[in-house]
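Chemist: Sequence first, then the predicted structure:
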Amino acid sequence: MKNIFNFKKGIWALVALFFFISCEEYLEDELLSDTSVDFLYSSPESLEKAVVGLYSLNRDRYNSGFSVQILMAKSDLVLGRTGAESLYSRLTWGVSLGDFGSAGGYDKLWRQHYQIVDRANAVIQAAENLEGIEADLKNQIVSEAKAFRANSYFTLYRQFNNIFIKTEPATPENAYDKPADRSSEEEIFALLKNDLDFAIANLEMTTPEFGRWTQAAVRHLRAKVAVWQNDWAEAAAQTDAVINDGNYSLEPNTEDVFAGTLSKNETLFAVQRQNETVGGGARNFMNWKFVPQYHTVPGVIKDQRNGGSGAGFLMLNNYVRDLLKEDPNDDRDDASYYISYFMYNDAENLPESVQLGDTVRIFDQFSTDLDEVKNFYKSLNPGVIKFQDEDADPTSRDNYKNMMVYRLAETYLIGAEAHMMLGHMGKALEYINAVRNRANAASIDIIDQKAVLDERARELAFEG
């Protein structure tokens with residue numbers, strides 16, 4: 001026993017001696033890797049990697065789709081299946097079962113965009129201070145970073161209004177500095193226009209690398225900013241440049257717009273999430289949240305022709321549904337953008353008087369039957385399939401689909417509004433009818449603000 005006691009005392013003595021000799025050494029930070037934050041901004045090659053990191057940050061916003069969906073859920077085109085507080089908690093399903101309510105969603109939207117802004121600031125500052133970098137490469141790097149910064153600030157301004165702009169990256173010295181007040185509208189739009197004008201001057205109209213910022217995408221964003229300031233001449237000039245000078249065109253059919261990888265002539269800017277793609281391959285639940293639970297109807301099982309797996313938290317409201325019904329030839333609701341019918345495809349559980357393959361047009365499903373009324377918002381309302389992964393397992397909520405951000409159809413509609421406001425009615429009608437005719441809808445002869453807003457609703461609902 002005495003030997004054991006002495007052994008224990010010896011062990012504790014060694015431990016005490018070890019800490020006495022080494023504690024100061026252990027409290028010193030030692031960089032065990034050659035890679036540090038400074039490395040990212042110390043050479044042209046590393047700055048190019050830092051720019052790629054901005055695309056990764058931007059893509060991360062779609063991991064749950066929650067912060068992106070706020071922009072849709074609060075629009076005047078969308079009806080939530082539940083009340084606002086419950087809706088926001090339900091939109092986090094698939095990521096967390098916790099009830100974060102609306103505050104959590106808005107907080108995430110705010111933080112994600114300010115993270116993008118902060119890293120864009122770091123890239124811009126480093127590129128401008130780096131010696132020996134070739135001018136064209138420097139301008140390319142700064143242009144992409146400024147495009148991200150402007151896009152995030154513009155999104156934040158539209159959603160919150162009371163924002164502050166900052167062009168210096170966060171450092172240990174300034175990380176806890178608080179702005180004295182919100183930035184003025186003049187300050188915000190001055191930065192937006194300066195950033196976008198620089199990017200327009202230094203980016204090519206197209207790029208061989210799908211998913212990167214181009215001059216066309218930045219011009220499109222510049223036109224949107226101009227509309228917010230009622231600068232119709234600027235908006236018209238920017239949209240005309242994209243439509244007439246870029247190698248872009250509307251897809252021939254609406255069913256082609258969101259099909260496949262989105263690497264096509266109509267896409268101006270998209271987020272890469274495609275499976276087995278370098279820089280992509282991240283799942284999302286966007287389609288699942290916008291497609292109703294058609295599989296709960298007797299005689300129906302989950303199938304890609306019925307939109308795949310769905311939960312149906314957000315849906316088209318009556319305004320959009322009625323607009324899509326105005327022209328019977330308008331094909332945007334015929335499983336290209338929206339799904340307005342489901343198909344009976346469960347041979348073993350078909351209801352009476354129903355045959356395999358029969359379809360039910362949802363627009364005609366209004367009923368006084370109490371059970372059908374209760375189920376309308378769950379399984380009988382139209383769905384949105386702009387985010388559908390055609391190759392996904394129809395029983396899974398996981399989709400690996402690139403995400404459309406900006407596309408040429410909106411450029412046409414911005415141009416139509418701008419030219420209308422300038423009194424160029426012929427050009428305005430040309431632009432709006434290009435979008436309508438692509439959807440097999442008849443041309444209109446008179447254009448006004450209502451016609452523009454109605455067409456934006458038909459064409460762009462649920463695109464943020």
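Modeler: Cool, the structure landed. Numbers count the residues shown, from 1 in each chain.
Chemist: Please point out which parts of stretch 344-352 sit buried.
Modeler: By 16 or more other C-beta atoms under 10 Å, the buried positions in stretch 344-352 come out as 344-346, 350. Every residue, glycine included, has its C-beta placed from N, CA and C.
Chemist: How about stretch 237-244?
Modeler: Judged by neighbour count using 16+ other C-beta under 10 Å, the buried positions of stretch 237-244 are 237-243.
Chemist: likewise stretch 425-433?
Modeler: Result for stretch 425-433 [16+ other C-beta under 10 Å]: buried residues 427-433.
Chemist: which one of those is nearest residue 267?
Modeler: Within the buried residues of stretch 425-433, the smallest distance to residue 267 is 18.5 Å, found for residue 431 (C-beta to C-beta).
Chemist: Leaving out chain neighbours, which residue sits closest to that closest one?
Modeler: residue 416 (3.9 Å; C-beta to C-beta, 6 or more residues apart in numbering).
Chemist: neighbours of the one you found, just the number please.
Modeler: By the criterion of other C-beta atoms under 10 Å, residue 416 has 27 neighbours.
Chemist: Check whether residue 454 really touches residue 323, as I assumed.
Modeler: Yes - at 5.5 Å, residue 454 counts as touching residue 323 under the criterion of C-beta atoms under 8 Å.
Chemist: Could you check how far residue 55 is from residue 116?
Modeler: 10 Å (C-beta to C-beta, to the nearest Å).
Chemist: And those two? Which one has more around it.
Modeler: Neighbours were counted for residue 55 and for residue 116 using other C-beta under 10 Å; residue 116 has more, 25 against 18.
Chemist: and the gap between the more buried one and residue 145?
Modeler: Per C-beta to C-beta, residue 116 is found 10 Å from residue 145.
Chemist: next one: residue 164
Modeler: Counting by C-beta to C-beta, the gap from residue 164 to residue 145 is 19 Å.
Chemist: Keep only those of the buried residues of stretch 425-433 that are in helices.
Modeler: Mapping the buried residues of stretch 425-433 onto helices (DSSP state H) picks out 427-433.
Chemist: Turn those into JSON lines, columns for distance to residue 266 and pLDDT.
Modeler: As requested, these are arranged in JSON lines below (distance: C-beta to C-beta, whole Å; pLDDT from 0 to 100):
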{"residue": "427", "distance to residue 266": "20", "pLDDT": "98"}
{"residue": "428", "distance to residue 266": "20", "pLDDT": "98"}
{"residue": "429", "distance to residue 266": "21", "pLDDT": "98"}
{"residue": "430", "distance to residue 266": "17", "pLDDT": "98"}
{"residue": "431", "distance to residue 266": "14", "pLDDT": "98"}
{"residue": "432", "distance to residue 266": "16", "pLDDT": "98"}
{"residue": "433", "distance to residue 266": "17", "pLDDT": "98"}
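Chemist: hmm, which two among these are most spread apart?
Modeler: Greatest spatial distance in those: 427 and 433, 10.9 Å, computed using C-beta to C-beta.
Chemist: mind showing which ranges of the stretch 201-350 of the chain have poor pLDDT?
Modeler: For the stretch 201-350 of the chain, residues meeting the criterion pLDDT under 70 lie at 276-280.
Chemist: Now do the strands in it.
Modeler: With DSSP state E, counting those that start in this stretch as the criterion, the stretch 201-350 of the chain has strands at 267-271, 314-316, 338-339, 341-343.
Chemist: and residue 344, what is it in contact with?
Modeler: By C-beta atoms under 8 Å, 6 or more residues apart in numbering, the contact list for residue 344 reads 299-300, 350-351, 354-360.
Chemist: measure it to residue 350 for me?
Modeler: Taking C-beta to C-beta, one finds residue 344 at 6 Å from residue 350.
Chemist: Could you look up the SS state of the nearest residue to residue 239 once chain neighbours are set aside?
Modeler: Excluding its sequence neighbours, the residue lying closest to residue 239 (C-beta to C-beta, 6+ apart) is residue 415, at 3.4 Å. Classification of residue 415 by DSSP: H, G, I helix; E, B strand; the rest coil places it in helix.
Chemist: What's the per-residue pLDDT of residue 435 here?
Modeler: Listed pLDDT for residue 435 reads 98.
Chemist: Quick check: phi and psi at it.
Modeler: phi -70, psi -40 (degrees, to the nearest 10).
Chemist: and it, how many neighbours?
Modeler: 23.
Chemist: how close does it get to residue 246?
Modeler: In terms of C-beta to C-beta, residue 435 sits 17 Å off from residue 246.
Chemist: gap between residue 160 and residue 460?
Modeler: 22 Å.
Chemist: Settle it for me: which of the two has more neighbours?
Modeler: Between residue 160 and residue 460, residue 460 has the larger neighbour count (other C-beta under 10 Å), namely 18 against 13.
Chemist: list the contacts for the more buried one?
Modeler: Residue 460 sits next to 409-410, 413 when contact means C-beta under 8 Å, 6+ apart.
Chemist: so which of the residues you listed would you say is closest to residue 215?
Modeler: Among the contacts of residue 460, and counting by C-beta to C-beta, the member closest to residue 215 is residue 410, at 16.6 Å.
Chemist: Kindly list the main-chain dihedrals of the closest one?
Modeler: Main-chain torsions, residue 410, degrees, to the nearest 10: phi -70, psi -40.
Chemist: Same list, the contacts of residue 460, but as TSV with pLDDT please.
Modeler: As requested, the contacts of residue 460 are exported to TSV (pLDDT from 0 to 100):
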residue	pLDDT
409	98
410	98
413	98
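Chemist: Using a markdown table, lay out the residues you listed together with neighbour count and distance to residue 120.
Modeler: Listed next are the contacts of residue 460 as a markdown table, based on neighbours: other C-beta atoms under 10 Å; distance: C-beta to C-beta, whole Å:
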| residue | neighbour count | distance to residue 120 |
| --- | --- | --- |
| 409 | 23 | 28 |
| 410 | 21 | 24 |
| 413 | 22 | 28 |
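Chemist: Out of these, the closest to residue 107 would be?
Modeler: residue 410 (28.4 Å).
Chemist: Residue 220 is in contact with that closest one, correct?
Modeler: Yes - in this structure, residue 410 is within contact of residue 220 by C-beta under 8 Å, at 7.2 Å.
Chemist: And this structure, what are its domain boundaries?
Modeler: Segmentation of the chain into domains, based on automatic domain parsing, reads 47-171+180-203, 286-399.
Chemist: hmm, back to that, so what sits against both of residue 116 and residue 145?
Modeler: Counting by C-beta under 8 Å, 6+ apart, the common neighbours of residue 116 and residue 145 are residue 54.
Chemist: list the buried ones in the helix or strand hosting residue 52?
Modeler: For residue 52, the host element (DSSP states H and E) is helix 44-60. Buried residues in helix 44-60, counted by 16+ other C-beta under 10 Å: 47, 50-51, 54-55, 57-59.
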